[in-house]
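Trainee: Prediction below, plus the sequence it came from.
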Amino acid sequence: GAGVSQTPSNKVTEKGKYVELRCDPISGHTALYWYRQSLGQGPEFLIYFQGTGAADDSGLPNDRFFAVRPEGSVSTLKIQRTERGDSAVYLCASSPGMPSGNTIYFGEGSWLTVV
Amino acid sequence: GENVEQHPSTLSVQEGDSAVIKCTYSDSASNYFPWYKQELGKRPQLIIDIRSNVGEKKDQRIAVTLNKTAKHFSLHITETQPEDSAVYFCAASSDYGQNFVFGPGTRLSVLP
């Protein structure tokens, strides 16, 4: 696609439920990032994939959060037993990956509200 | 790990004046420094970036300067216009991936 695509754009879920957020990166981009952004804050790093593997998952806040990228393209961020504090915009970004370049391009985000 | 600080958190300028936003970083291995503009409800969009092999880069009304010794870099916007009003984020990363660490943002308001 022309840009990074994220679905759903908005998700309202009840506390305790399971949620999946999907990211479709720019075609050919090998690097994929997930960030979380709360109101008035900068993007907070969650996890970075290079190809199919999670090169850095140090930003995942706890074991309720998990992400996969099985074929090195589409990625899914999975949140179990959601809590109200998980409410935020979840931003996905992709990058060509070195040596082509490491500029990252963001999707529009998935707005998650846990009630 | 990397830590990026950004100042000021809010900035108001008169239309036509210049705006300067400053960031500092902690990891000397970082060598790529992009700036993003985010309008309300929209995605962050890259406006300019700089790599550590140059000290300054300019693109029309925006410029970025980098001081690797002091570990700080700045965004300069000249002849500001109302459409420059947004939140601006700096970030730092190394060439070989790892995560991009973002600053907390600066809310710029350009007053007509």
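Mentor: Everything's here; your move.
Trainee: Check which helices and strands the longest strand along chain B is in contact with.
Mentor: Using DSSP state E, we find that the single longest strand of chain B is strand B:86-94. Under the contact definition 3 or more CB pairs under 8 Å, 6 or more residues apart in numbering or on different chains; DSSP states H and E, strand B:86-94 sits against strand B:4-7, strand B:19-25, strand B:32-38, strand B:72-77, strand B:97-102, strand B:106-111. Placement of C-beta: from N, CA and C, glycine included.
Trainee: anything in the helix or strand of chain A with the lowest mean pLDDT sitting right up against chain B?
Mentor: Every helix and strand in chain A was compared by mean pLDDT, DSSP states H and E; the lowest is strand A:53-56, with a mean of 87. Yes: Strand A:53-56 lies within reach of chain B by CB under 8 Å from any CB of the partner chain, at A:55, A:56.
Trainee: Name every strand pairing with that strand and say which way it goes.
Mentor: Here strand A:53-56 is paired, per DSSP bridges, with strand A:44-50 (antiparallel).
Trainee: hey, C-alpha coordinates of the partner strand in CSV?
Mentor: Taking only C-alpha atoms (Å, rounded to 0.1, in the frame of the first residue of the first chain), the coordinates of strand A:44-50 have been written out as CSV:
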residue,chain,number,x,y,z
GLU,A,44,6.3,5.5,23.8
PHE,A,45,8.2,2.6,22.3
LEU,A,46,6.7,-0.9,22.7
ILE,A,47,8.4,-3.3,20.3
TYR,A,48,10.5,-3.4,17.1
PHE,A,49,10.6,-6.1,14.5
GLN,A,50,13.3,-6.7,11.9
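Trainee: Dihedrals phi and psi, residue A:85?
Mentor: For residue A:85, the backbone dihedrals (degrees, to the nearest 10) come out as phi -70, psi -10.
Trainee: Find the nearest non-adjacent residue to it, please.
Mentor: Nearest non-adjacent residue to residue A:85, counting by CB to CB, 6 or more residues apart in numbering or on different chains: residue A:114, 7.8 Å away.
Trainee: before we move on, which element is residue A:63 in?
Mentor: When elements are assigned from DSSP states H and E, residue A:63 belongs to no helix and no strand.
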